[in-house]
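Engineer: Predicted structure and sequence below. I'll ask about it afterward.
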Amino acid sequence: MPDSAPPPLEITAVGPGNAVPGQPLGSRADVQAFIHEMATRHRFDANQLQAVFNRAQVQPSILAAMSRPAEGKPWYAYRGIFVNPSRIRGGVRFWRANAAALAQAERVYGVPPEIVVAIIGVETQYGGNMGSFRVLEALSTLAFDYPRRAAYFRKELENYLLLTRQEGIDPLTPRGSYAGAMGLGQFMPSSFLSYAVDFDGDGHRDLWRNPRDAIGSVAHYFQRYGWRTGEPVAVPARVSGTRYPALLSQRLSPPKDSVASLQAQGVAPESPVSGTQAAMLLEYQGRDGPEYWLGFDNFYAITRYNHSQLYAMAVYQLSQEIREQYAFYPGAVQPERVARAD
């Protein structure tokens with residue numbers, strides 16, 4: 001890279017938003033301004049970035065996909081998408097194939113294998129569906145033609161270009177989701193920069209083709225977001241009386257009520273839990289009526305991966321099904337709970 005930033009680019013093309021179908025992104029004034037910003041702030045070669053964006057286009061199907069998230073489904077329908085025989089079997093196979101890396105991740109970061117496996121299962125079906133969109137085009141589409149969250153995706157596009165430069169990757173090559181999430185664990189670029197690890201020590205952080213790096217990165221993410229080794233995630237609960245509705249957790253915030261205080265107000269865990277454990281009361285729409293659960297700090301940690309109580313419960317329930325089936329697999333090495341290494 002040159003020691004000084006290049007002069008401002010001459011902006012001569014279409015304005016922001018509503019690009020003509022098939023129009024190269026590089027011909028847009030807002031994209032050219034972004035290129036100049038990247039050259040000025042991060043010393044990118046403006047001509048090289050211009051050439052990259054000249055080969056990319058807005059993808060209208062991405063904008064349509066953003067309007068139909070799975071989280072709009074009730075729990076009983078949402079659960080079946082992720083907690084099903086195919087993902088359970090796939091999780092057991094993934095665990096068996098990567099048992100050493102999962103055990104190492106638990107030793108280093110304190111996150112149990114079944115949680116890491118379930119995340120990868122929910123996100124990409126163990127690498128079977130990592131997304132078909134060019135990451136550059138997904139992030140650019142949302143950065144320049146999705147006003148509601150344009151600032152967020154513009155920052156992610158900036159981070160994406162930084163990480164591809166760090167890792168020596170052609171920005172046009174990686175594929176991902178319609179939101180720009182990447183690899184086995186579907187990391188956004190900012191998460192990649194902050195939490196992705198070179199877990200096999202080969203000098204690269206490859207979350208697409210290297211399960212070891214992906215496993216270490218997911219576990220590292222959870223450790224950084226407060227995973228508590230050896231503590232529970234969630235347990236079913238029964239409710240009674242008239243006070244429990246006011247206790248229902250409507251927002252994604254850390255649990256603050258003790259199990260003992262919740263019990264005093266009509267919430268009874270169906271499995272043994274310490275009365276001093278902080279918990280939140282959760283309600284899910286079952287096919288035959290509401291289901292109640294107590295979620296703990298580790299449940300909240302899962303919501304840091306995807307800000308949804310539906311998502312966190314699906315990950316947890318899938319993890320438990322995978323762990324149970326793995327334990328019965330002939331010749332399987334039985335998982336052990338280990339303390340996190342400092």
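Structural biologist: The structure has been received and is ready for your questions. Not measured: the values here are computed from a predicted model.
Engineer: in the stretch 51-200 of the chain, which spans are strands?
Structural biologist: All strands of the stretch 51-200 of the chain, identified by DSSP state E, counting those that start in this stretch, fall at 133-134, 175-176.
Engineer: Give me the contacts around the last one.
Structural biologist: Applying Cβ atoms under 8 Å, 6 or more residues apart in numbering, the external contacts of strand 175-176 come out as 130-135, 138, 182-183, 186. Backbone N, C-alpha and C define where each C-beta goes, glycine included.
Engineer: Filter those down to the buried ones, ChimeraX style.
Structural biologist: Selecting the buried subset of the contacts of strand 175-176 in ChimeraX, with 16 or more other Cβ atoms under 10 Å as the burial test, is done by:
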select :130,131,133,134,135,138,182,183,186
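Engineer: Which members of the contacts of strand 175-176 define the maximum pairwise distance?
Structural biologist: With Cβ to Cβ as the measure, no two of the contacts of strand 175-176 lie farther apart than R134 and Q186, at 15.4 Å.
Engineer: Tell me, how many residues neighbour the residue lying closest to A312 once chain neighbours are set aside?
Structural biologist: Using Cβ to Cβ, 6 or more residues apart in numbering and skipping the chain neighbours, the partner closest in space to A312 is I302 (3.9 Å). Using other Cβ atoms under 10 Å, I302 has 26 neighbouring residues.
Engineer: Okay, and which of the contacts of strand 175-176 map to helices?
Structural biologist: 135, 138 (DSSP state H).
Engineer: can I get the contacts of strand 175-176 in TSV with pLDDT?
Structural biologist: Compiled in TSV, the contacts of strand 175-176 are given as follows (pLDDT from 0 to 100):
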residue	pLDDT
M130	98
G131	97
S132	96
F133	97
R134	98
V135	98
A138	98
M182	98
G183	98
Q186	98
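Engineer: for the protein, which spans come out with low pLDDT?
Structural biologist: The chain contains residues with pLDDT under 70 at 1-21, 69-71, 329-342.
Engineer: let's see 80
Structural biologist: By pLDDT under 80, the low-scoring segments of the chain are 1-22, 67-72, 329-342.
Engineer: Alpha carbons only: can I get the longest strand seen in it in PDB?
Structural biologist: Across the chain, the longest stretch assigned as strand under DSSP state E is strand 278-286. The C-alpha trace of strand 278-286 is given here as PDB (Å, rounded to 0.1, in the frame of the first residue of the first chain):
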ATOM      1  CA  ALA A 278     -29.800 -16.200  38.500                       C
ATOM      2  CA  ALA A 279     -32.600 -17.000  36.100                       C
ATOM      3  CA  MET A 280     -35.100 -15.600  33.700                       C
ATOM      4  CA  LEU A 281     -38.600 -16.900  33.100                       C
ATOM      5  CA  LEU A 282     -39.300 -17.800  29.400                       C
ATOM      6  CA  GLU A 283     -42.500 -18.600  27.700                       C
ATOM      7  CA  TYR A 284     -42.800 -20.400  24.300                       C
ATOM      8  CA  GLN A 285     -45.800 -21.100  22.200                       C
ATOM      9  CA  GLY A 286     -46.200 -24.800  22.000                       C
END
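Engineer: just checking, what packs against it?
Structural biologist: Packing partners of strand 278-286 (3 or more Cβ pairs under 8 Å, 6 or more residues apart in numbering; DSSP states H and E): helix 75-82, strand 234-239, strand 257-258, helix 259-263, strand 289-295, helix 297-303, helix 309-327.
Engineer: What are the buried residues along the second one?
Structural biologist: The one in question is strand 234-239. 234-235, 237, 239.
Engineer: now for those residues, which pair is the farthest apart?
Structural biologist: Every pair of those checked by Cβ to Cβ; the farthest is A234 and V239, at 15.0 Å.
Engineer: Show me the residue at the heart of the chain, geometrically.
Structural biologist: Y305 (4.5 Å; Cα atoms, centre = their mean).
Engineer: Is that one in a helix, a strand, or coil?
Structural biologist: Look at Y305: counting by DSSP: H, G, I helix; E, B strand; the rest coil, its state is coil.
Engineer: For the residue nearest to S217 when sequence neighbours are not counted, grab the count of nearby residues.
Structural biologist: The shortest distance from S217 to any non-neighbouring residue, by Cβ to Cβ, 6+ apart, is to A196 (4.5 Å). Neighbour count for A196, taken as other Cβ under 10 Å: 25.
Engineer: Does the residue nearest to G183 when sequence neighbours are not counted belong to a helix, a strand or coil?
Structural biologist: Closest residue to G183 apart from its sequence neighbours, by Cβ to Cβ, 6+ apart: L207 at 2.9 Å. Assigned with three-state DSSP, L207 falls in the coil class.
Engineer: Can you pull the phi/psi pair for L207?
Structural biologist: phi -90, psi 0 (degrees, to the nearest 10).
Engineer: any idea how far V135 is from the residue lying closest to Q263 once chain neighbours are set aside?
Structural biologist: Closest residue to Q263 apart from its sequence neighbours, by Cβ to Cβ, 6+ apart: G275 at 7.2 Å. Distance, G275 to V135, using Cβ to Cβ, to the nearest Å: 47 Å.
Engineer: what about the spatially closest residue to L142 that is not a sequence neighbour, neighbour count?
Structural biologist: Leaving out its chain neighbours, the residue that sits closest to L142 by Cβ to Cβ, 6+ apart is F153, at 3.8 Å. A total of 24 residues lie near F153 under the criterion other Cβ under 10 Å.
Engineer: now swap in the one 4 residues further on and tell me
Structural biologist: The local packing of L157 (other Cβ under 10 Å) involves 25 other residues.
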